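Undergrad: test case, fold it:
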Amino acid sequence: MHVSSAGLTGAAVLRGHAAAVSCVTFHGDAPGALLSAGADSTVRAWDLRSRAAVFRAALPGPCAAIAARGHLIAAAADTDVVFLDDRKPSAPLGSYTETHAEPVTCVALGGPSGAHAITGSEDGMVALFDTSIATEDDALMSVLPMPGRQHVRACGFFGAGDGGAWGVSATSDLVLWSLASADVVASFPDLPGACRRAGLACDTLLGCHFDAASGALTCAGSAHDSGAVAVMNVRRDAAEPVGQLAAAPPSGHSDSVRCIDWIAAAAAGGGAAAGAGALSGCVTGGEDGRVCLWGSGFAPAGGASAAAAAPAFVVDAVTPSDAGAHRKGKSSLRGKLAARAAAARRR
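TA: Predicted structure coming up:
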């Protein structure tokens, strides 16, 4: 998509995957590069300037998450994490195959040295690795305890120095860990409930974003069958609901928001931004097949008008009928995953 004063406009449709695409991310160190992966067990790189595929790499299973840093790409393929070098993607650098017993749901690269990887899985484990070490056993630095061994929905890094890690469970608990000690330093078991008590619509946590410039950790959550997104500022001693992104159609989402990506003020060419940390806005995607670009302002907690949070630009990525078919298919997939998880627990 192109972003301009006229709004969001479609730039290109990239075709190549043989099954549903589950994740996309910009390859930050390669201008104009986009990575995608999905149920066809492949990772693909695209040059957005030429709109052509750069490479296709086969994976041992369907991919649920990808991350990239420098030339390194990490892909969560069923229970494995596969590492690729974007300069020679046909020959994987290696993989972690023993750590997780259930499908890996999230992966991130970064940490204090920039050479760390963090993974989360349906098995309730969050694992921290040093990717500069070749063998999996030696690379595994610690296993970070998710309370109750809950299914891990999202994970990532935050903080400077020794840094920390965050994880979101399937029941929308948010946990913060110290990377130095692998101890839990904060646990917030019901942030959606705290949001609702503050007058914000929220049922499910989507994940967190750490802004290095401001040192702010921001968490976002969505509401079932509503287009609202609750925004929370997170510290080690507290998590505070501060506002929400919500606007009645046709300005905003008409159904649940499933993904969010934050835009740092520096990336947008601005200075210090209002709202959460030094963020200049975010992009959201929902079950309604709509993509919305939001500015840094949002309706504050406490009952202020949500009109203040109207998105700057909106584009309908699919037709309403396509969105309905997507929801039906997604519900079927959720049922299959739930049945598989239940069977695994009985074994």
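Undergrad: point out where the stretch 151-300 of the chain drops to low pLDDT.
TA: Regions of the stretch 151-300 of the chain meeting the criterion pLDDT under 70 cover residues 248-249, 264-280, 296-300.
Undergrad: would you confirm that His100 contacts Gly124?
TA: No: judged on C-beta atoms under 8 Å, His100 makes no contact with Gly124 at a distance of 9.8 Å. The way it works is simple: take the backbone N, C-alpha and C, and place the C-beta from them, glycine included.
Undergrad: look at those two and report which has more neighbours.
TA: Taking other C-beta atoms under 10 Å, His100 and Gly124 do not tie; His100 has more neighbours (23 against 19).
Undergrad: would you confirm that Cys282 contacts Leu245?
TA: Yes: Cys282 is within contact range of Leu245, at 7.4 Å (criterion: C-beta under 8 Å).
Undergrad: who touches both of the two?
TA: Trp294 (C-beta atoms under 8 Å, 6 or more residues apart in numbering).
Undergrad: of the two, who's got more company?
TA: Leu245 (30 against 24).
Undergrad: does the more buried one really touch Ser251, like I thought?
TA: No: with contacts counted by C-beta under 8 Å, Leu245 stays clear of Ser251, the gap being 10.8 Å.
Undergrad: all helices for the stretch 151-300 of the chain, in order.
TA: 191-197, 265-268 (DSSP state H, counting those that start in this stretch).
Undergrad: hey, where'd the helices end up in the stretch 1-150 of the chain?
TA: Ranges of helices within the stretch 1-150 of the chain are 136-139, based on DSSP H, counting those that start in this stretch.
Undergrad: any weak-confidence spans in it?
TA: 1-11, 28-31.
Undergrad: ranges for the strands of it?
TA: Along the stretch 1-150 of the chain, the segments classed as strands by DSSP state E, counting those that start in this stretch run 2-4, 7-9, 21-26, 33-38, 42-47, 52-58, 63-69, 72-77, 80-85, 94-96, 104-110, 116-121, 125-130, 140-145.
Undergrad: mean neighbour count added to those, as a markdown table?
TA: Putting the strands of the stretch 1-150 of the chain into a markdown table (neighbours: other C-beta atoms under 10 Å) gives the following:
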| stretch | mean neighbour count |
| --- | --- |
| strand 2-4 | 12 |
| strand 7-9 | 15 |
| strand 21-26 | 16 |
| strand 33-38 | 21 |
| strand 42-47 | 21 |
| strand 52-58 | 15 |
| strand 63-69 | 22 |
| strand 72-77 | 25 |
| strand 80-85 | 22 |
| strand 94-96 | 19 |
| strand 104-110 | 23 |
| strand 116-121 | 25 |
| strand 125-130 | 22 |
| strand 140-145 | 17 |
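Undergrad: between the ones you listed, which one is nearest to Cys292?
TA: strand 7-9 (8.4 Å; C-beta to C-beta).
Undergrad: so Ser169 bridges to which residues?
TA: Beta-bridge partners recorded for Ser169 (DSSP bridges): Val152.
Undergrad: got the contact list for it?
TA: 146-148, 150-153, 175.
Undergrad: quick one: which of those residues is nearest Gly164?
TA: Nearest to Gly164 among the contacts of Ser169, with distances taken as C-beta to C-beta, is Val175, at 10.3 Å.
Undergrad: please report how far the closest one lies from Ser214.
TA: 22 Å (C-beta to C-beta, to the nearest Å).
Undergrad: and the closest residue to Ala18 other than its chain neighbours, how far from Ala108?
TA: Leaving out its chain neighbours, the residue that sits closest to Ala18 by C-beta to C-beta, 6 or more residues apart in numbering is Asp40, at 4.3 Å. The gap separating Asp40 from Ala108 is 23 Å, by C-beta to C-beta.
Undergrad: before we move on, what about Val13?
TA: 28 Å.
Undergrad: sorry, back to before: buried only: go through the contacts of Ser169 for me.
TA: Buried members of the contacts of Ser169, counted by 16 or more other C-beta atoms under 10 Å: 146, 150-153, 175.
Undergrad: circling back: want to try JSON lines for the strands of the stretch 1-150 of the chain, with distance to Glu240 as columns?
TA: As requested, those are exported to JSON lines (distance: least, C-beta to C-beta, whole Å):
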{"stretch": "strand 2-4", "distance to Glu240": "30"}
{"stretch": "strand 7-9", "distance to Glu240": "31"}
{"stretch": "strand 21-26", "distance to Glu240": "29"}
{"stretch": "strand 33-38", "distance to Glu240": "34"}
{"stretch": "strand 42-47", "distance to Glu240": "38"}
{"stretch": "strand 52-58", "distance to Glu240": "42"}
{"stretch": "strand 63-69", "distance to Glu240": "28"}
{"stretch": "strand 72-77", "distance to Glu240": "31"}
{"stretch": "strand 80-85", "distance to Glu240": "34"}
{"stretch": "strand 94-96", "distance to Glu240": "36"}
{"stretch": "strand 104-110", "distance to Glu240": "24"}
{"stretch": "strand 116-121", "distance to Glu240": "24"}
{"stretch": "strand 125-130", "distance to Glu240": "24"}
{"stretch": "strand 140-145", "distance to Glu240": "24"}
